[in-house]
Every structure is written in structure tokens, then in C-alpha cells.
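Student: what's the 3D shape of this:
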Amino acid sequence: MNKRKTKKVSTVMICILSLFLASSTVLANTASSPYSTPKIKGHTYTFTSEVWTRNFTTGTTAEAVASVKASASVPNGYMGAMARLYTSGGSLTASSSMTYNTSKTSSFFVYSPRITTKTTYYAQNVGEFYNGNGYTRYTGYKSPNLKLSNVNSSNVLFENNTETSETIHELLLQTKYDVNSQGDTYGSALSEPIIGVEPDLIAAIGTNGIEGYLKAEDLTPKITTIEEALAQTQVNGTVRTIHLYDVEGDNIIGEFDVVTDYKVE
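Tutor: Model prediction:
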């Protein structure tokens, strides 16, 4: 593969007071079976991929939620998760940062940004767990779909079931990614469990609604130590904006917000 040029990813701190001040009601959720890890440095873990809808006075939203549990309380930085929300076309439409536990605990939740677009959503979250010499990464099971049909009133229409769209079904069976002229792989990250690795360029929908690709190295920077993990886990409400590219990974066509939002139990 050709060596790619890397560009500085900007980090913006914002205070989203409305998220903390506005009351919400969880109307529905759909969840995958728990993904269970083998024993890692003396601990086992489970995590789920869930889609929640919430009803605010301003309308109804959908979000991906990762629920992570350890077999016992673990030290700071031992377990991490990234909540990812996908459309029925397989594009990543919202994502949290890779977030690690900031205090000793046996469970915590990680949330993606909330989306109001009326469509069908899936979650397929990622977990990382400290192995003593870095982190072991796992991709969880895909959630059943949840269709958000009305976002403008308290009478939200939704459905969740185990039926999979034809596009998603094909992505889940894909055995290799397409390759662009630069030698970089591209496609949906939903194919990772079969192929074994994410594509270099991950299909996504930017904040401007344009479909493009995120560089995997921008979305999930590689870390190897607990210190790096905790430094990456910024305060709730932090937004890191990364570039959205065309299929060649050269031309910037938009932006994508990666948000830190978590709760330690």
C-alpha cells in the first residue's frame, strides 16, 4: 500500500448545555446479544451494540449506545468502547470517540451523537481492552435495526426487528474490500467481522449530509498505553472534527464530528 499523507485533526471543545438541561425519555431501544471476550489480563468483558431513541421537546433522536461490563472492577483505562451508528446502506452516520473508563469500575456506557434523520439505523460497536502490552480490539455484534419514522412530535413511529436489509446482508458476507488507485481499501466498516480488519477508508455521512469516507487512522487513533488511552478520553461534550474524503482519500469533501459522551457506573 502507498504511504498516505496525514493531516492534523482538529479538536474543538464545546459545551452542549442543552443536552444536560433538557429532559428526555427513552422511547425504544434495540440491542445485540452481548459480545463476550476471552480472559484478558485476568478479566473477561462483555459489550453490546444498542440503538436508543429519545424524546425531547424539540423532537425525537436516535443514537448508538455501547454497554460495557467487566467480570470485576478494573483499573482506569482497562476497557474502552466506541459507539457507532450506521444507516441501512452501511454508512457510518454518528460515532463516539474511543472512550476508556476514567475511574475504577466494572461497567460503563458510551454514547454516539444523537441523530434526527428519519431512516433505519443499526449499531455495531467496537471494544478495546488492556492486555498488559497494549489493547486487544473486538468488533461487537450488529444490533437489530430500528426505523425512526417521525422526529417532530412525541408520537414517534419506530420499529425494531431482526430483519436485515439486502445491502447490509451483502456487507456482512463480503470477504474483501475494494481498492482505490492509491492502494487503499475502502468500504463499510460493517464488513470488518468477516474480513478481519477495517478498511483504510470507512464509508460515512458527513455533517453536511454528503456521503464520503473517513480515514480509519483519523477515526480511531492507535494507542498502546493506559496513559495514551486516558489522554484520548476527554471530558464529556468534547467534539473532535475530522475530514471526510472522496474515495481516493485525497480530496476533502466535508467533515465528521466524533463526540466524547460516556457515563461510568
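
Student: Show the pLDDT at residue 147.
Tutor: pLDDT recorded at residue 147 is 88.

Student: whoops, I mixed them up, residue 55
Tutor: 84.

Student: Distance of it relative to residue 104?
Tutor: 34 Å (C-beta to C-beta, to the nearest Å). (C-beta placed from N, C-alpha, C; glycine too.)

Student: and what of residue 69?
Tutor: For residue 69, the distance to residue 104 - C-beta to C-beta - is 14 Å.

Student: In contact with the most centrally placed residue in the chain, which residues?
Tutor: The C-alpha lying nearest the average C-alpha coordinate of the chain belongs to residue 84 (C-alpha atoms, centre = their mean; 2.2 Å). Neighbour list for residue 84: 49, 64, 92, 94, 95, 96, 112, 123, 124, 125, 126, 189 [criterion: C-beta atoms under 8 Å, 6 or more residues apart in numbering].

Student: now the residues you listed in a markdown table, with secondary structure?
Tutor: Below are these laid out as a markdown table (DSSP: H, G, I helix; E, B strand; the rest coil):
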| residue | secondary structure |
| --- | --- |
| 49 | strand |
| 64 | strand |
| 92 | strand |
| 94 | strand |
| 95 | strand |
| 96 | strand |
| 112 | coil |
| 123 | strand |
| 124 | coil |
| 125 | coil |
| 126 | strand |
| 189 | helix |
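
Student: need those residues in JSON lines with pLDDT, can you?
Tutor: JSON lines is the format used below for the contacts of residue 84 (pLDDT from 0 to 100):
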{"residue": "49", "pLDDT": "97"}
{"residue": "64", "pLDDT": "98"}
{"residue": "92", "pLDDT": "98"}
{"residue": "94", "pLDDT": "98"}
{"residue": "95", "pLDDT": "98"}
{"residue": "96", "pLDDT": "98"}
{"residue": "112", "pLDDT": "98"}
{"residue": "123", "pLDDT": "97"}
{"residue": "124", "pLDDT": "96"}
{"residue": "125", "pLDDT": "98"}
{"residue": "126", "pLDDT": "98"}
{"residue": "189", "pLDDT": "94"}
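
Student: Those, buried ones only, as a PyMOL selection?
Tutor: Listed next is the PyMOL selection for buried residues among the contacts of residue 84, using 16 or more other C-beta atoms under 10 Å:
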select buried, resi 49+64+92+94+95+96+112+123+124+125+126+189
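
Student: Distance to residue 141 for the contacts of residue 84 - can I get that in JSON lines?
Tutor: Below are these laid out as JSON lines (distance: C-beta to C-beta, whole Å):
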{"residue": "49", "distance to residue 141": "6"}
{"residue": "64", "distance to residue 141": "13"}
{"residue": "92", "distance to residue 141": "17"}
{"residue": "94", "distance to residue 141": "19"}
{"residue": "95", "distance to residue 141": "17"}
{"residue": "96", "distance to residue 141": "18"}
{"residue": "112", "distance to residue 141": "17"}
{"residue": "123", "distance to residue 141": "10"}
{"residue": "124", "distance to residue 141": "7"}
{"residue": "125", "distance to residue 141": "9"}
{"residue": "126", "distance to residue 141": "12"}
{"residue": "189", "distance to residue 141": "14"}
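
Student: quick one: which of the contacts of residue 84 is nearest residue 232?
Tutor: Of all those, residue 232 sits closest to residue 96, with 11.6 Å by C-beta to C-beta.

Student: coming back round to it: who has more neighbours out of residue 55 and residue 104?
Tutor: Neighbour count, other C-beta atoms under 10 Å: between residue 55 and residue 104, residue 55 has more, with 19 against 11.

Student: which secondary structure element contains the more buried one?
Tutor: strand 45-56 (DSSP states H and E).

Student: list the helices and strands that strand packs on?
Tutor: strand 25-31, strand 35-36, strand 59-74, strand 120-123, strand 126-130, strand 145-148 (3 or more C-beta pairs under 8 Å, 6 or more residues apart in numbering; DSSP states H and E).

Student: List the strands paired with it, with their directions.
Tutor: strand 25-31 (antiparallel), strand 35-36 (antiparallel), strand 59-74 (antiparallel) (DSSP bridges).
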